[in-house]
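**Student:** Quick one, what's the 3D model for this:
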Amino acid sequence: MTNDCVFSIGTTRFNEDYTPSTNSRATTNFANLARGENRRQNLRNAVTMMNTRVNELVHWDNPRGARYALELDIVSVDLHLASVGDDAAFPVIEVLDVDIVDTTTGARTEGIVGNNFSSYIRDYDFSVRLPGHQTTGIPSDFGDLHGQVFQRFLESDEYRERFSQPPVICISVSTSRTYTRLTNFHPILGVEYVADEKSLTDEYFGKMGLGVRCFMPQGSVAPLAFYHRGDLVNDYSFLALAGTIATMETFQKIYRPEIYNANTAASEVYQPSLDNGNYSLPQVSYDRVERTQLATTQGKFIEMNLMKPYGAVLERWATKQSA
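**Tutor:** The predicted model follows:
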């Protein structure tokens with residue numbers, strides 16, 4: 001394999017003391033929560049919601065409902081272009097690594113990496129490239145380069161040395177699709193839903209080598225979309241799945257309360273809507289308008305600093321590695 005491009009990984013603990021790195025994407029959901037005068041209370045409330053939820057899901061041998069606590073690390077991935085120079089590093093991916101701590105025994109269980117997913121190149125694709133094709137339709141190669149870069153990261157020594165399993169990305173279901181409840185039920189993931197057809201996000205993640213299944217855990221009001229490699233149901237422990245659900249359902253209650261903090265649970269045939277007015281706001285402040293604006297700003301940043309000057313180099317490397 002050529003070393004034209006290599007990855008490096010850094011981590012930052014996500015807790016009430018979290019302060020965004022200067023290299024972190026400004027649109028990242030973590031950074032949004034960690035700004036303003038209420039930043040510490042925001043973060044404390046979010047972590048409390050996560051820990052409460054994991055104990056609800058893993059309720060056996062847990063009479064007080066407080067046996068487990070989550071430890072979260074933000075994983076920041078930089079891409080280094082050797083042909084540009086030793087100092088040429090571009091932030092490309094940010095995910096979340098979750099461990100579950102048994103506060104009774106002190107045992108630590110390795111959770112799932114992925115969960116939240118942030119990407120500069122995805123910002124470029126959706127906020128810069130896609131709007132430029134409004135009259136001509138979605139280009140056939142949309143998401144190809146991003147998908148190749150992501151898969152090269154999973155195949156890299158850096159990933160394999162640090163993480164023992166493939167990632168699972170857990171995000172909101174699509175508001176443009178209708179979901180039907182199946183009879184399939186999992187003790188942690190809950191009841192399965194299936195979409196009427198693939199969304200653009202499904203296709204985009206497909207180019208990253210990830211399939212999708214949707215489940216609504218017990219106690220939840222809407223299904224979550226799990227993007228994964230391999231066998232989602234059997235490849236991960238109950239504790240690991242519970243850690244991902246507790247983490248990402250909390251974030252979705254904050255980001256999309258109209259769906260995930262709704263006062264009525266999803267029906268057998270369900271279409272998510274951000275126009276739903278029957279929901280409750282969590283005790284966490286979040287600025288969705290700012291996040292949308294910053295996504296465009298950062299998409300333009302990656303266009304000018306990576307895609308235009310080095311896009312051809314990146315594409316040759318990614319394509320060569322996948323051959």
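
**Student:** use CA for all of it now, contacts and neighbours both
**Tutor:** OK.

**Student:** Residue ranges in the chain under the pLDDT threshold?
**Tutor:** For the chain, the stretches flagged by pLDDT under 70 are 1-3, 21-37, 83-87, 287-292, 321-323.

**Student:** tell me the residue furthest from the middle of it?
**Tutor:** For the chain, the residue at maximal distance from the C-alpha centroid (C-alpha atoms, centre = their mean) is residue 63, at 31.2 Å.

**Student:** Helices along this protein, start to end?
**Tutor:** 29-33, 39-57, 120-124, 144-155, 157-162, 200-206, 232-235, 238-255, 257-260, 288-302, 308-322 (DSSP state H).

**Student:** before we move on, back to that, mind checking how far the residue farthest from the centre of the chain is from residue 260?
**Tutor:** Distance, residue 63 to residue 260, using C-alpha to C-alpha, to the nearest Å: 26 Å.

**Student:** Likewise for residue 212?
**Tutor:** 19 Å.

**Student:** Next one: residue 117 relative to residue 263, how far apart?
**Tutor:** From residue 117 across to residue 263, the span is 27 Å (C-alpha to C-alpha).

**Student:** which ones are touching the residue nearest the centre of the chain?
**Tutor:** By C-alpha atoms, centre = their mean, the chain has its centre lying nearest to residue 116, at 2.0 Å. Each residue near residue 116 by C-alpha atoms under 8 Å, 6 or more residues apart in numbering is listed here: 94-96, 169-171, 248.

**Student:** try it again with 6 Å
**Tutor:** Applying C-alpha atoms under 6 Å, 6 or more residues apart in numbering, we find residue 116 in contact with 95-96, 169.

**Student:** Kindly report the same for residue 266.
**Tutor:** Residue 266 touches 221-222, counting by C-alpha under 6 Å, 6+ apart.

**Student:** cool, the one 4 residues further on as well?
**Tutor:** Contacts for residue 270 were tallied using C-alpha under 6 Å, 6+ apart; they are 178-179.

**Student:** and with 10 Å instead?
**Tutor:** Applying C-alpha atoms under 10 Å, 6 or more residues apart in numbering, we find residue 270 in contact with 175, 177-181, 193-195, 222-223.

**Student:** tell me which residues form a beta bridge with it?
**Tutor:** For residue 270, the beta-bridge partners are residue 179 (DSSP bridges).

**Student:** Okay, it and residue 174: tell me how far apart.
**Tutor:** From residue 270 to residue 174 the distance is 11 Å (C-alpha to C-alpha).

**Student:** Was I right to think residue 242 contacts residue 115?
**Tutor:** No: between residue 242 and residue 115 there is no contact under C-alpha atoms under 10 Å: 11.6 Å.

**Student:** Overlap in contacts, these two.
**Tutor:** Contacts common to residue 242 and residue 115, judged by C-alpha under 10 Å, 6+ apart, are residue 248.

**Student:** circling back: between residue 270 and residue 174, what contacts are shared?
**Tutor:** With C-alpha under 10 Å, 6+ apart, residue 270 and residue 174 have common neighbours residue 195.

**Student:** rewinding a little: what sits against the residue farthest from the centre of the chain?
**Tutor:** With C-alpha under 10 Å, 6+ apart, residue 63 has these contacts: residue 55.

**Student:** Check residue 227 too.
**Tutor:** 114-115, 167-171, 202, 205-206, 208-214.

**Student:** any idea how far the closest residue to residue 49 other than its chain neighbours is from residue 179?
**Tutor:** Of all residues not flanking residue 49 in the chain, residue 250 sits nearest, at 6.3 Å (C-alpha to C-alpha, 6 or more residues apart in numbering). Going from residue 250 to residue 179 by C-alpha to C-alpha gives 21 Å.

**Student:** now swap in residue 104 and tell me
**Tutor:** For residue 104 relative to residue 179 (C-alpha to C-alpha), the value is 39 Å.

**Student:** Settle it for me: which of these two has more neighbours?
**Tutor:** More crowded of residue 104 and residue 179, by other C-alpha atoms under 10 Å: residue 179, with 23 against 10.

**Student:** Surely that one touches residue 191?
**Tutor:** No: using C-alpha under 10 Å, residue 179 is not in contact with residue 191, being 12.0 Å away.

**Student:** Overlap of the contact sets of those two?
**Tutor:** By C-alpha under 10 Å, 6+ apart, residue 179 and residue 191 have these common neighbours: 214, 223.

**Student:** how about the nearest residue to residue 73 once chain neighbours are set aside, what does it touch?
**Tutor:** Closest residue to residue 73 apart from its sequence neighbours, by C-alpha to C-alpha, 6+ apart: residue 13 at 4.4 Å. Residues near residue 13 by C-alpha under 10 Å, 6+ apart: 19, 71-75, 96-97.

**Student:** Equivalent analysis for residue 242, please.
**Tutor:** Residue 242 neighbours (C-alpha under 10 Å, 6+ apart): 53-58, 100, 111-112, 187-189, 217, 236, 248.

**Student:** do that again at 7 Å, thanks
**Tutor:** Residues counted as contacts of residue 242 (C-alpha atoms under 7 Å, 6 or more residues apart in numbering) are 54, 57, 188.
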